[in-house]
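A.B. asks: Could you work out the structure for the sequence below:
(2 chains)
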Amino acid sequence: MIEIQNLTKEYGKIKAVDNISFSVEKGEILGFLGPNGAGKTTTMNILTGYISSTSGTVKVAGYDILENPVEVKKRIGYLPELPPLYLDMTVEEFLNFCANLKAVPAKKWKSEKQDIMELVKISHVKHRLIKNLSKGYKQRVGLAQALIGTPDVLILDEPTVGLDPKQIIEIRKLIKALGKNHTIILSTHILPEVSAVCDRVVIINKGRIAAIDTPENLSKMLSDFSRFMVTIAGPENKVRNALSEIYGVKYLEVSNRIKEDEFSYIIEADKDVDVRKPMFNKLAQLGFPILELRSLNLSLEEIFIQLTTTEEMEVQ
Amino acid sequence: MLAIWKRDFKSYFNSPIAYVLIGLFMFLSSYFFNNYLSYGSSDVTSSLVSDMSFLLLFVIPILTMKSIAEDKKNGTEVLLLTSPARVTEIVMGKFLALYSVFLIMTGFTLIFPIILIVFGGPDLALILSSYLGFILYGAVFVAVGLFASSLTENQIVAAIIGFVGLFVLYTIKFLASFFSGFMYDVFTWLSINDRYTDFMNGIIDITSIVFMISLAAIFIYLTVRVIERKRWSQG
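C.D. replies: A predicted model of the protein is given here:
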């Protein structure tokens, strides 16, 4: 449905988006994950034809955004980060205006209007001025605007930002439901959102793609190891040597220095080897007591941090 | 295009701006009208219309300042530019909304010639020619104001740019006096007020009509370019 190839956007010397490629299948919900300033919004703005790319191609349903912008725009509903609303209009007036702007045939719009307003639950505020609505309702009106004309593709830039937890859950449910009939690209920097909603995740950092996969695979890929946090009293180099000699230990790093000769270490070990017992024995032998030992499960959060931080783990 | 025209036009009348401007314009025009009448001027309408053109210098930038600048500020620009409408259609819709407000304002001033017709026998052809000149002149001014509004997201700045632009246009004949020879001819040729004066004198010259419409079209085109350029910007 959507094909992005070697997309680059430069602002002067800064590359906001640096040679990214991915594609989205019909009916898929793709999560676009990255820290603030990673290039999510820029990519989305290029996809929707709001700004142009420096190089690379974007195709939606086979139409190129540069060669056939009108055809592409007809197929996309866009909810930018700041919902684009005319504050001096009522909800209904605004939606009518958007339907006109998108040249939705009057008949189709007549039947569609009620459905959309029911779907995002704004029917009861349709006569109110948009400027008097709360942030959550404004977001919904923005979403309603994107749904007008039942576009094949929905592009939602941080759709749950600024909503209260109850609204967030509602909007996520809604997006999940919309995924049945639409192809959706959703950007966010909130991680649980991705595992809650998306079929596939693109992690983007500093304009580059750090990973593309399903949320499950991403967790699996990085959790072939069991991870521990262990605090040990003893000189660092000796403890390090002792730990790295243990069979099964793959990575080792000092995460924190608590006081002199007392350090916290992060250990990654093969999943099928239980390193805890040999570790205890060995350290007991050397007279370095274990003060704390706990297992670390790799959450999506940590994957994200791992993939987007440039500091590499030291391999011992 | 129709959607934007309708929306913008309504929004001018949903806020006080159109009422205040039309009220102010009418108040000042009435004052001039009254003056000409009390002086016993022989040719009230064309003198009045030429004074009204001076008022436009202040009224138009205030009318046009929010047209595009407000969309930029509120983020509704994204909505317009990612819709299937072409930039030219968007800009034309905005222009027509502004121009409609201008025409309504002009419509109110027809009360003056009507008073003259009821109480006297003015030269009807001259009135028509003056008004034709005035609405063409207005088209150019509105287009310049629209262009100014596309340059910034700050309405006040847009109004100031618009005013300066119109002022230059208004005084271009004066600027011509600094030059001689070819440049003098160019500036004089560009002088929109000279052509406007022709209309006030009852001369309807087809080249003047084409000139005014072209000038408006150029500024509309520039507005389209400004918006498109932003899309391509690398900075």
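A.B. asks: Doesn't residue A:175 lie inside a helix?
C.D. replies: Yes: checked against DSSP: H, G, I helix; E, B strand; the rest coil, residue A:175 lies within a helix.
A.B. asks: measure it to residue A:214 for me?
C.D. replies: As for residue A:175, its distance to residue A:214 is 17 Å (criterion: CB to CB, to the nearest Å). The way it works is simple: take the backbone N, C-alpha and C, and place the C-beta from them, glycine included.
A.B. asks: Quick one: end-to-end length of stretch A:143-154, please.
C.D. replies: End-to-end distance for stretch A:143-154, by CA to CA, to the nearest Å: 9 Å.
A.B. asks: What are the buried residues along it?
C.D. replies: Using 16 or more other CB atoms under 10 Å in any protein chain shown as the test for burial, stretch A:143-154 gives A:143, A:144, A:145, A:146, A:147, A:148, A:149, A:151, A:152, A:153, A:154.
A.B. asks: Just give me the closest of those residues to residue B:138.
C.D. replies: Nearest to residue B:138 out of those is residue A:145 (CB to CB; 34.0 Å).
A.B. asks: For the closest one, pull up the helix or strand it's in.
C.D. replies: In the assignment (DSSP states H and E), residue A:145 maps to helix A:135-147.
A.B. asks: Which parts of chain B are helices?
C.D. replies: For chain B, helices defined by DSSP state H occupy the ranges B:2-14, B:17-39, B:44-64, B:69-74, B:76-81, B:87-109, B:111-119, B:124-150, B:155-170, B:172-176, B:181-190, B:192-200, B:206-232.
A.B. asks: what's the pLDDT at residue B:164?
C.D. replies: According to the predicted model, the pLDDT of residue B:164 comes to 95.
A.B. asks: re the thing from before, tell me the strands beside the helix or strand just after the helix holding residue A:145, with direction?
C.D. replies: The first helix or strand that comes after helix A:135-147 along the chain, using DSSP H and E, is strand A:153-157. For strand A:153-157, the paired strands and their directions (DSSP bridges) are strand A:76-79 (parallel), strand A:183-188 (parallel).
A.B. asks: Now tell me what touches strand A:153-157 from outside.
C.D. replies: Counting by CB atoms under 8 Å, 6 or more residues apart in numbering or on different chains, the neighbours of strand A:153-157 from elsewhere in the structure are A:1-2, A:40-41, A:44, A:47-48, A:60-61, A:75-81, A:143, A:146-147, A:175, A:178, A:182-187.
A.B. asks: Show me which residues of chain B sit near chain A.
C.D. replies: Those residues of chain B that sit near chain A, judged by CB under 8 Å from any CB of the partner chain, are B:2-4, B:6-7, B:11, B:14-15, B:74-86, B:230-235.
A.B. asks: Now restrict the residues you listed to buried residues only.
C.D. replies: Judged by 16+ other CB under 10 Å, buried ones among the residues of chain B next to chain A: B:3-4, B:6-7, B:11, B:74, B:76-85.
A.B. asks: Farthest-apart pair in those, please.
C.D. replies: B:11 and B:84 (21.8 Å).
A.B. asks: which residue sits closest to residue B:104 in space, ignoring its chain neighbours?
C.D. replies: In space, residue B:104 comes closest to residue B:22 once its chain neighbours are excluded; the distance is 7.1 Å by CB to CB, 6 or more residues apart in numbering or on different chains.
A.B. asks: one step back: comparing residue A:175 and residue A:214, which residue is more hemmed in?
C.D. replies: residue A:175 (22 against 14; other CB atoms under 10 Å in any protein chain shown).
A.B. asks: For the more buried one, give its distance to residue A:38.
C.D. replies: When CB to CB is the yardstick, residue A:175 and residue A:38 sit 21 Å from each other.
A.B. asks: same deal with residue B:112?
C.D. replies: Applying CB to CB, the value for residue B:112 to residue A:38 is 63 Å.
A.B. asks: Please apply the same query to residue A:26.
C.D. replies: Residue A:26 sits 26 Å away from residue A:38, taking CB to CB as the criterion.
A.B. asks: neighbour-wise, which of the two wins?
C.D. replies: When residue A:26 and residue A:38 are compared on other CB under 10 Å, the one with more neighbours turns out to be residue A:38, at 23 against 11.
A.B. asks: In JSON lines, list the strands paired with strand A:153-157 along with mean neighbour count, distance to residue B:149 and mean pLDDT.
C.D. replies: Below are these laid out as JSON lines (neighbours: other CB atoms under 10 Å in any protein chain shown; distance: least, CB to CB, whole Å; pLDDT from 0 to 100):
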{"stretch": "strand A:76-79", "mean neighbour count": "26", "distance to residue B:149": "24", "mean pLDDT": "93"}
{"stretch": "strand A:183-188", "mean neighbour count": "25", "distance to residue B:149": "31", "mean pLDDT": "90"}
